[in-house]
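**Student:** okay, predicted coordinates and the sequence, questions at the end:
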Amino acid sequence: MLEREFINQPTERFPSCHCSTIVELPSGDLLAAWYAGSAESRPDVAVVTSRKPMDAKTWEPCQIVSDTPGKPEGNCVLFVAPDEKLWIFFGVMHGKLDGPPGPGVRWETCDLRCKTSTDEGRRWSETRMLREELGMVARCKPIVLKNGDIIMGFEHKSGYSHFMISEDMGKTWFWTGPLMGVKNQHPTLIQRRDNSILALLRPSDVYRRIGKSISLDNGRTWSPAVNTGLPNPHAAIDMVKLTDGRRVALAFNNNENQRNPLTLALSEDEGETWRYRRDVVREEGRFSYPAIIEDRKGLLHLTYTHNRRHIGHIILTPDWITE
């Protein structure tokens, strides 16, 4: 492990935080985003970002990207498109904020919005509504397919994932799904050398195993989701295909019952098997919702929620997982 740090510190305005996302910008700077406020799904929750300039030692103070008066923002996802435009996808809750989960409550009442930036997140466009229909929740980063399509997976209130695809660099989007089989959400995606797409899936609260599905037609249709042997405590996961084209790194909680430890796994066969696993955070607390990328130097950057008070950032090499 090369470096471990906290991106943020709790403040009076933002005492709680969750669901981070990270990108390396064309300049080499890092940008992270998450939602923060008094607590999850409280009316004061906003989407915020923090920047770490290339070669800087510290992260810059948080900047608010979206803060809808009286309504909580939800999960957000950063993405740098091939044309170097920076995107942030996020949702806003419109239903009841209290009460048991279900129709009309919290996450099932999210819309889907985005903003874009042409100066690496210093200034943002006006908000663009992508889906007014409620019940679609973002989590894992999009990927660019070999044919140029951009595809991103979403949790859906039905309990089965859906996908958003653009064939024109984000000007227009269309939807595919549902991904049937065992109930699933929050797809994290890679494209394999044979052009198939592998989706690993956060399971429902029942199965406690990461799910898996394959698409052979660029995300238009999917095989029924099945359980893998990888444990999961009903928590988000993320993976990234390394630039060597063969290895894949997966960040997840290697536990059926709690969000501890936070573990990295490495596959040498494009996600078929996970021979190497190593805990990256194991101490008292809850460490969840990882986001993982590989930078231009071949280093892995992992962000995660640390006890709902900090966003952690860890830098390491892929070989650290196998040592």
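**Tutor:** Looks like it arrived, so ask away.

**Student:** look up which residues are beta-bridged to the nearest residue to residue 287 once chain neighbours are set aside.
**Tutor:** Once flanking residues are discounted, residue 287 sits nearest to residue 262: 4.1 Å by Cβ to Cβ, 6 or more residues apart in numbering. For glycine as for every other residue, the C-beta is placed from the backbone atoms N, C-alpha and C. When assigned by DSSP bridges, residue 262 has beta-bridge partners residue 253, residue 281.

**Student:** now do the contacts for residue 262.
**Tutor:** Residue 262 is in contact with 251-253, 279-282, 287-288, 290, 304, counting by Cβ atoms under 8 Å, 6 or more residues apart in numbering.

**Student:** how about a cut-off of 10 Å?
**Tutor:** Going by Cβ atoms under 10 Å, 6 or more residues apart in numbering, residue 262 touches 235, 251-255, 279-283, 286-290, 302, 304-306, 312, 314.

**Student:** would you mind measuring from it to residue 304?
**Tutor:** Shown here: residue 262 relative to residue 304, a distance of 6 Å by Cβ to Cβ, to the nearest Å.

**Student:** mutual contacts of these two, please.
**Tutor:** Residues touching both residue 262 and residue 304 (Cβ under 10 Å, 6+ apart): 251, 253, 280-281, 286-290, 312, 314.

**Student:** in helices only, show me those.
**Tutor:** Residues of the shared contacts of residue 262 and residue 304 located in helices (DSSP state H): none.

**Student:** how about residue 150, what does it touch?
**Tutor:** 79, 81-82, 87, 142-144, 164-170, 173, 219.

**Student:** distance of the residue lying closest to it once chain neighbours are set aside relative to residue 263?
**Tutor:** Distance criterion Cβ to Cβ, 6+ apart; nearest residue to residue 150, sequence neighbours excluded, is residue 166 at 4.6 Å. Distance of residue 166 to residue 263, computed by Cβ to Cβ: 32 Å.

**Student:** out of the two, which sits in the busier spot?
**Tutor:** residue 263 (23 against 18; other Cβ atoms under 10 Å).

**Student:** and the residue lying closest to that one once chain neighbours are set aside, how many neighbours?
**Tutor:** Nearest residue to residue 263 in three dimensions, chain neighbours excluded: residue 254, at 3.8 Å (Cβ to Cβ, 6+ apart). Residue 254 has 18 neighbouring residues, counting by other Cβ under 10 Å.

**Student:** residue 254 is in contact with residue 265, isn't it?
**Tutor:** Yes: Residue 254 is within contact range of residue 265, at 7.9 Å (criterion: Cβ atoms under 10 Å).
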